[in-house]
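S.K.: I'd like to go over a predicted model; first the sequence, then the structure.
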Amino acid sequence: MANKKTIQFSLKNLQSSLPKAKLPWNDLIEEIALHFLHAPYKEGTLESGRKEKLIVNFRGFDCFTFLETVIALTRCALAHDLSLQSFRRELQFIRYRKGIVEGYASRLHYFSDWLYDNKRKGIVKNISRQIGAVPQYKVINFLTTHRDLYPALNDENVFQQIRKIEKIISRRKLYVLPRAEFSGTEDKIKTGDIIAFASHTEGLDVAHVGFALWQGKKLHLLHASSKAKGVVVFAKPLLDYLRQNKKFTGIIVARVK
């Protein structure tokens, strides 16, 4: 975890690099996300196995922590307060159910649950149905069926809490635009929209997330990539990214409000 001095220095650099003129939310997301271009990919930064607490890390991201960090910073910038205190408050509000840290199970581990909670908090809007997504149900249980990957689940009480949450998530409709139907829908997506890739993997709702980024007339993906080992803009259009990743069944699209 970055120390306080490093975090404050990064926030000051970000603040000084943003245009003085007020930007629309989507342009602001682009500016902030690109600030972290080439930052290293770092997996499992939140899975310490110790007591749950808010972890802030500007030195490395997985796809999910990159998403949360950029949205939290965007909300801070829109409020004209890029202080560490403000950032930590926004990050906690986004990352935890109802914005409250109450142990491991209070963290929004699954993207569909994250989207559901952050929609209720007024942070994002799920626009998947507007671009032609279709409803589906899926049994969500990846965490509890891979218990050995998550140290916190060694605690039986935590394990049972997560199982209960998984059952709740499994009862919700998941709106996914099938990969075969993505072509032709790009014009309904804006720079800064969240692109979540629905997973083929049993028990898992979403395998990867990133931001949409228009470059000229082509829609690309800006994301923290394990393959590229950092934050990158995928060189080919988003359609090609979706086509070449057979582990994805389609996409879910959300818009920051």
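M.R.: That came in fine, so what should we check first?
S.K.: got phi/psi on L23?
M.R.: The phi/psi pair for L23 (degrees, to the nearest 10) reads phi -110, psi 150.
S.K.: neighbours around it, how many?
M.R.: Per other Cβ atoms under 10 Å, the neighbour tally for L23 reads 17. Yep, even glycine has a C-beta here, placed from its N, CA and C like the rest.
S.K.: tell me if I'm right that it and I32 touch.
M.R.: No. Judged on Cβ atoms under 8 Å, L23 makes no contact with I32 at a distance of 9.8 Å.
S.K.: please enumerate the helices of the stretch 151-257 of the chain.
M.R.: For the stretch 151-257 of the chain, the helices defined by DSSP state H, counting those that start in this stretch occupy 156-170, 238-244.
S.K.: same question for the stretch 1-150 of the chain.
M.R.: 4-17, 25-35, 63-78, 84-95, 111-120, 142-145.
S.K.: need the ones you listed in JSON lines (columns: mean pLDDT, distance to A196 and mean neighbour count).
M.R.: Output for the helices of the stretch 1-150 of the chain, formatted as JSON lines (pLDDT from 0 to 100; distance: least, Cβ to Cβ, whole Å; neighbours: other Cβ atoms under 10 Å):
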{"stretch": "helix 4-17", "mean pLDDT": "68", "distance to A196": "25", "mean neighbour count": "13"}
{"stretch": "helix 25-35", "mean pLDDT": "94", "distance to A196": "15", "mean neighbour count": "20"}
{"stretch": "helix 63-78", "mean pLDDT": "96", "distance to A196": "9", "mean neighbour count": "23"}
{"stretch": "helix 84-95", "mean pLDDT": "97", "distance to A196": "15", "mean neighbour count": "18"}
{"stretch": "helix 111-120", "mean pLDDT": "98", "distance to A196": "5", "mean neighbour count": "21"}
{"stretch": "helix 142-145", "mean pLDDT": "98", "distance to A196": "15", "mean neighbour count": "18"}
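S.K.: tell me which of the ones you listed sits nearest to L219.
M.R.: When the helices of the stretch 1-150 of the chain are compared by Cβ to Cβ, helix 25-35 sits nearest L219, at 12.7 Å.
S.K.: can you list the helices and strands that the closest one packs against?
M.R.: helix 4-17, helix 63-78, strand 206-215, strand 218-225, strand 248-256 (3 or more Cβ pairs under 8 Å, 6 or more residues apart in numbering; DSSP states H and E).
S.K.: reformat these as JSON lines; add distance to I194.
M.R.: Below are these laid out as JSON lines (distance: least, Cβ to Cβ, whole Å):
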{"stretch": "helix 4-17", "distance to I194": "20"}
{"stretch": "helix 63-78", "distance to I194": "7"}
{"stretch": "strand 206-215", "distance to I194": "6"}
{"stretch": "strand 218-225", "distance to I194": "10"}
{"stretch": "strand 248-256", "distance to I194": "4"}
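S.K.: wait, which of these is closest to S112?
M.R.: That would be strand 206-215 among these, by Cβ to Cβ, at 6.5 Å.
S.K.: each with direction, which strands does the closest one pair with?
M.R.: Each strand paired with strand 206-215, and its direction, by DSSP bridges: strand 194-199 (antiparallel), strand 218-225 (antiparallel).
S.K.: buried stuff in that strand?
M.R.: V206, A207, H208, V209, G210, F211, A212, L213, W214 (16 or more other Cβ atoms under 10 Å).
S.K.: pull the most distant pair out of those residues.
M.R.: Spatially, the most separated pair among these is A207 and W214, at 23.5 Å (Cβ to Cβ).
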